[in-house]
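Enquirer: no FASTA, just this:
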DNA sequence: AAGTCCAAATTTGTTTGACAACTTTGGATA
DNA sequence: TATCCAAAGTTGTCAAACAAATTTGGACTT
């Protein structure tokens, strides 16, 4: 308890930083965690017996969700957390490892655990293996993207600042330098979509769009290597950027829809090609 | 690197035991697990030092992904798996618990681990984390919901089977029994939205809608306790259900939009009320 | 002979203790 | 003042043991 405030952490000013340190959250929880072992389940809807490690994992997760733990925060040591939650180190580690594997926490031997940046790409990574394996999933995927991205583009055309519109246009035209460089193009493509997300000024939609984008990324790697696809994509990017520059939502969404359909078709083509090559 | 190979456990007598169904997969993996230390991971983008528990978790995950482990399969005992992978029980348990928390495995004390049904709804947990922002912006939230839910309802009107449409209608009309019971109504409301999601037959959109719904749920608790709100919600639910029963997408989305706007307004009212009571 | 019930064996859940490997910290030295 | 290194701190891993729940097989009953 009397341990020195070791959180020095030269973190840049977080917007609207509350005077809250993660240790505070843990000392709060400390009080709760000590109450008589809830042997019998709480009167929840489902009275499943959950192991302590799962309970603790959910507890930490809820702290992350509620903002008590924020990206970059360093957690207490395992020993301290073990005492706080009232469980042993192996059990605690089961919870910490689970959250690590889900991309919420990260750790290095010798260093402490900390909260990741919680970027959609990181959170989606462990799961994208399960999805996007067959045509059916791809159609679902693009159906979802069509809805989310189109709205995002529409909002972007309406709301993006002059600087943001400029940035979008820059990323679009820069693509012309990558006709022969699929890796470079993919990196730029990420930037382009990110700048679209920023322009729409809606974090929830942005998070969803980025998550959907990331799910398909590995498959699209193959597609972008196919001849002619990059050039066509770049052309469409520029059309979209121009429509946004003119603040024309209808034109922008129309151009984006064409682009997305092109991406879908090339993705499907790439998958068929992939399926042929490793027929077993 | 080389240390992973130094695991020279005293190999117990290789008794040739009964060929348990899933043991086949594990004996394959056993051969792999022993091969010379795979120094750096496959051409992964990042060559980080991964702990053995993470390696094993990915190994099991890849077996699930490739179909070596299928829904319902029972895994070997922890001891057997520990031997197979060449790691200790605590380390193995870190991997198993991680996969359990991700909804890929499940276990009960005394029983063995088994593979879950892998239903998409369990696998999209990360969306919930992505969508949770501590300073919850109601307008952003409903802007996102409007897009996702409306498409979901539209698809539902087009695709839902007769049974699904019936189920939606049932949940809608059942709400009339809960005019005075806000807790019961919220539970039913969850069911209603879930049945809408099922009817749309798109797991990605469903996952996103579910995530958005969950984020707002705790605030809506206050809203649903305000007089008259439940009745109005139930009426709107029935309108939506009727439109879907008639397979009329336009009517359904129109009704749903009205409903969502009502929810938004009551949520805002509830938040204002909440802000007054705990002014700080 | 078939079904039921109970106790033993099996298996996961949890704890304690210990050591190895890596990172961070603080002081000594140039 | 800056650099480097040893000591302290922290995570990674293992081992052994017991508690709690489930499975299993046999004894008992009908």
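Expert: Yes, it's here. Predicted model, so just to flag it, every value in this text is computed and none were measured.
Enquirer: how far away is the most centrally placed residue in chain A from residue B:130?
Expert: What sits nearest the mean C-alpha location of chain A, by CA atoms, centre = their mean, is residue A:120, with 0.2 Å. According to CB to CB, to the nearest Å, residue A:120 and residue B:130 sit 5 Å apart. (C-beta placed from N, C-alpha, C; glycine too.)
Enquirer: find residues that contact each of those two.
Expert: Both residue A:120 and residue B:130 are contacted by A:207-208, A:211, under the criterion CB atoms under 8 Å, 6 or more residues apart in numbering or on different chains.
Enquirer: next, the buried residues of stretch A:185-195.
Expert: Using 16 or more other CB atoms under 10 Å in any protein chain shown as the test for burial, stretch A:185-195 gives A:185-186, A:188-195.
Enquirer: now do the contacts for the residue nearest to the centre of chain A.
Expert: Contact analysis of residue A:120 by CB under 8 Å, 6+ apart lists A:207-208, A:210-211, A:214, B:126, B:130.
Enquirer: which bits of chain A sit near DNA strand C?
Expert: Residues of chain A lying close to DNA strand C by CB under 7 Å from any atom of the strand are A:6, A:8, A:51-53, A:86-91, A:108-111.
Enquirer: that older thread, between the shared contacts of residue A:120 and residue B:130, which has the most around it?
Expert: Highest neighbour count within the shared contacts of residue A:120 and residue B:130: residue A:208, with 32 neighbours (other CB atoms under 10 Å in any protein chain shown).
Enquirer: and the gap between it and residue A:238?
Expert: Counting by CB to CB, the gap from residue A:208 to residue A:238 is 25 Å.
Enquirer: same check, this time on residue A:224
Expert: 17 Å.
Enquirer: and these two? Which one has more around it.
Expert: More crowded of residue A:224 and residue A:238, by other CB under 10 Å: residue A:224, with 20 against 17.
Enquirer: what is the neighbour count of the spatially closest residue to residue A:60 that is not a sequence neighbour?
Expert: Excluding the flanking residues, the one nearest residue A:60 by CB to CB, 6 or more residues apart in numbering or on different chains is residue A:99, at 6.1 Å. Counted with other CB under 10 Å, residues neighbouring residue A:99 total 25.
Enquirer: my read: residue A:99 touches residue A:58, true?
Expert: No: using CB atoms under 8 Å, residue A:99 is not in contact with residue A:58, being 9.8 Å away.
Enquirer: picking up where we left off before, any idea how far the residue nearest to the centre of chain A lies from residue A:217?
Expert: Where residue A:217 is concerned, residue A:120 sits at a distance of 11 Å (CB to CB).
Enquirer: again with residue A:54
Expert: Applying CB to CB, the value for residue A:54 to residue A:217 is 31 Å.
Enquirer: ok, residue A:106 next?
Expert: For residue A:106 relative to residue A:217 (CB to CB), the value is 21 Å.
Enquirer: next up, phi/psi of the residue of the stretch 101-250 of chain A found nearest DNA strand C, please.
Expert: The stretch 101-250 of chain A approaches DNA strand C most closely through residue A:110 (2.3 Å), counting by CB to the nearest atom of the strand. The phi/psi pair for residue A:110 (degrees, to the nearest 10) reads phi 100, psi -30.
Enquirer: rewinding a little: adding pLDDT and distance to DNA strand D, write the contacts of residue A:120 out as TSV.
Expert: Formatted as TSV, the contacts of residue A:120 follow (pLDDT from 0 to 100; distance: CB to the nearest atom of the strand, whole Å):
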residue	pLDDT	distance to DNA strand D
A:207	89	27
A:208	91	31
A:210	90	27
A:211	86	26
A:214	85	25
B:126	68	21
B:130	77	24
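Enquirer: output the residues you listed as CSV; include the columns distance to residue A:242 and secondary structure.
Expert: Compiled in CSV, these are given as follows (distance: CB to CB, whole Å; DSSP: H, G, I helix; E, B strand; the rest coil):
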residue, distance to residue A:242, secondary structure
A:207, 27, helix
A:208, 26, helix
A:210, 23, helix
A:211, 27, helix
A:214, 27, helix
B:126, 35, helix
B:130, 31, helix
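Enquirer: wait, which of the residues you listed is closest to residue A:78?
Expert: Comparing the contacts of residue A:120 against residue A:78 with CB to CB places residue B:126 closest, at 24.2 Å.
Enquirer: sketch out the helices for the stretch 1-150 of chain A, chain order is fine.
Expert: Along the stretch 1-150 of chain A, counting by DSSP state H, counting those that start in this stretch, helices occupy A:22-33, A:52-66, A:78-85, A:89-101, A:120-124, A:135-159.
Enquirer: can you tell me which of the ones you listed is most buried?
Expert: With neighbours defined as mean count of other CB atoms under 10 Å in any protein chain shown, those peak in mean count at helix A:89-101, which reaches a mean of 23.
Enquirer: which elements pack onto that helix?
Expert: Under the contact definition 3 or more CB pairs under 8 Å, 6 or more residues apart in numbering or on different chains; DSSP states H and E, helix A:89-101 sits against helix A:52-66, helix A:78-85, strand A:105-106, helix B:52-66, helix B:89-101.
Enquirer: how about the ones you listed in a markdown table, adding distance to residue A:255 and mean pLDDT?
Expert: Formatted as a markdown table, these follow (distance: least, CB to CB, whole Å; pLDDT from 0 to 100):
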| stretch | distance to residue A:255 | mean pLDDT |
| --- | --- | --- |
| helix A:52-66 | 36 | 90 |
| helix A:78-85 | 51 | 91 |
| strand A:105-106 | 39 | 94 |
| helix B:52-66 | 36 | 88 |
| helix B:89-101 | 42 | 94 |
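Enquirer: out of these, nearest to residue A:154?
Expert: Among the helices and strands packed on helix A:89-101, helix A:52-66 comes nearest to residue A:154, with 28.9 Å by CB to CB.
Enquirer: helices and strands around that closest one, which ones?
Expert: Using 3+ CB pairs under 8 Å, 6+ apart, helix A:52-66 is in contact with helix A:22-33, helix A:78-85, helix A:89-101, helix B:89-101, helix B:125-131.
Enquirer: in chain A, where's the longest helix?
Expert: The longest helix of chain A (DSSP state H) is helix A:249-277.
Enquirer: in terms of secondary structure, what does it contact?
Expert: On a contact count with 3+ CB pairs under 8 Å, 6+ apart, helix A:249-277 meets helix A:135-159, helix A:203-224, helix A:229-245.
Enquirer: now the last one: mean pLDDT?
Expert: Looking back up the chat, that one is helix A:229-245. Averaging pLDDT along helix A:229-245 gives 93.
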